[in-house]
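Asks: after the sequence you'll find the predicted model.
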Amino acid sequence: MTAPSTGGKIVGAFAASHSPGITGWPERASDSARAAVESAFADVRQRIAALEPDAVIAVSVEHFTNFHLGNLPAFAIATGEDYLGPATPEMAKFVNVPQHRYPGDAALGEHLYTSALDAEFDPALVQGGLEFDENFCVPLKHLDPGSRYPLVPVIVNGVNPPWPTAKRCYDFGRMLRAAVAGQTAAQRVVVLATGGLSHWVGLPESGDINEEFDRDFLARLDSGDPAKLTSFTREEIDAAGNGAHEIRTWLVAAGAAGTGFDVLAYEPVEAWLTGTAVAAARI
């Protein structure tokens, strides 16, 4: 008798900053900072390869590449067969990533979307045409340089208020974990969150870094305590910059992992305008 198929499983969860400077002008960081960040990325790349995932749920914000103030969803799930990134030749030059198409896992994306509806989330559905900016292109240059892993892009609004609450983001991640377990097509799934940490975009404070906020956030991420992770207020995040609201993607990953994360690197890199970190869930 053939054993019944078991559901899929999240076998790894990772989070990383996606500052364009990481790939676009890495030489502007100090040698030690650059080495620490690139070593952490290399560590994660090896871990993901060892996990042999069938698909990667890639969670990030997007910077008005696809959405705009006339249509800015709190959450969106893409179900394309592939994705263009970077979106334009100019952007490709800016982030130093060759423009190409990334493979997608349409079936898993469709399952995640219907599961979200069943769980009473109402994400936007992007069936085709989603294009990447630094959100995915920068970290994936380090983590999947050959673009081997099929992606399901998940977008969280972390760029313009009003934002989903920290708890809502964490719960969205929990929903993703249950959704992965409820299907069999992708048995081994990795979650990758990108964004943050502290930084200011288009403001006089650009280049400032709030190390106190960053280290507090990473300590909470390490603890894995949902109460600590979901208690951030808008004002607390504002103190670390408008770009710090991208930590919502990390909260999604934390909810999906259901455990604490090891911080593999943290460097306050002013030349990259960002508190830069890489972390891995203890799964």
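Replies: Sure, I can see it.
Asks: for the lengthiest helix in the chain, buried residues please.
Replies: If you go by DSSP state H, the chain has its longest helix at helix 31-51. Of the residues in helix 31-51, A33, R34, A36, V37, E38, A40, F41, D43, V44, R45, I48 count as buried by neighbour count, 16 or more other Cβ atoms under 10 Å. In short, each C-beta sits where N, CA and C put it, glycine included.
Asks: burial of T230, as a residue count?
Replies: T230 sits with 18 neighbouring residues when counted by other Cβ atoms under 10 Å.
Asks: that should have said E131, apologies.
Replies: E131, neighbours per other Cβ under 10 Å, totals 18.
Asks: go on, L203?
Replies: 12.
Asks: need the nearest residue in space to it, chain neighbours excluded.
Replies: Leaving aside its sequence neighbours, L203 sits nearest to N242 (Cβ to Cβ, 6 or more residues apart in numbering; 6.7 Å).
Asks: residues contacting the one you found?
Replies: Applying Cβ atoms under 8 Å, 6 or more residues apart in numbering, we find N242 in contact with V159, W200, V201, G202, L203.
Asks: what's the pLDDT at it?
Replies: pLDDT for N242: 96.
Asks: please apply the same query to the one 5 residues further on.
Replies: Confidence at I247, expressed as pLDDT, is 98.
Asks: next up, the contacts around it.
Replies: Taking Cβ under 8 Å, 6+ apart, we find I247 in contact with G158, G195, G196, L197, F217, F232, I237.
Asks: again, but for K9
Replies: The contact partners of K9, taken as Cβ under 8 Å, 6+ apart, are V180, A181, Q187, R188, V189.
Asks: and the residue nearest the centre of the chain, how far is that from T233?
Replies: For the chain, A193 is the residue whose C-alpha lies nearest the centre (Cα atoms, centre = their mean; 2.0 Å). Distance of A193 to T233, computed by Cβ to Cβ, to the nearest Å: 21 Å.
Asks: now D133, nearest residue through space, not along the chain?
Replies: Excluding the flanking residues, the one nearest D133 by Cβ to Cβ, 6+ apart is T65, at 4.5 Å.
Asks: cool, and V126?
Replies: A78 (4.2 Å).
Asks: I'd say that neighbour and V152 touch.
Replies: Yes. Using Cβ atoms under 8 Å, A78 makes contact with V152 at a distance of 6.8 Å.
Asks: overlap in contacts, those two.
Replies: Jointly contacting A78 and V152 under the rule Cβ under 8 Å, 6+ apart are G104, G109.
Asks: show me where the protein has its strands.
Replies: All strands of the chain, identified by DSSP state E, fall at 9-16, 55-60, 75-78, 82-85, 100-103, 124-126, 151-156, 188-194, 261-269, 274-281.
Asks: ok, residues contacting the fourth one?
Replies: So that's strand 82-85. Residues contacting strand 82-85 (Cβ under 8 Å, 6+ apart): 97, 99-104, 130-133, 136-137, 151, 153.
Asks: hmm, back to that, from the buried residues of helix 31-51, pick the one nearest C169.
Replies: The nearest member of the buried residues of helix 31-51 to C169, counting by Cβ to Cβ, is V44 at 21.3 Å.
Asks: what is the neighbour count of the residue lying closest to that closest one once chain neighbours are set aside?
Replies: Leaving aside its sequence neighbours, V44 sits nearest to F14 (Cβ to Cβ, 6+ apart; 5.2 Å). If you count neighbours by other Cβ under 10 Å, F14 ends up with 29.
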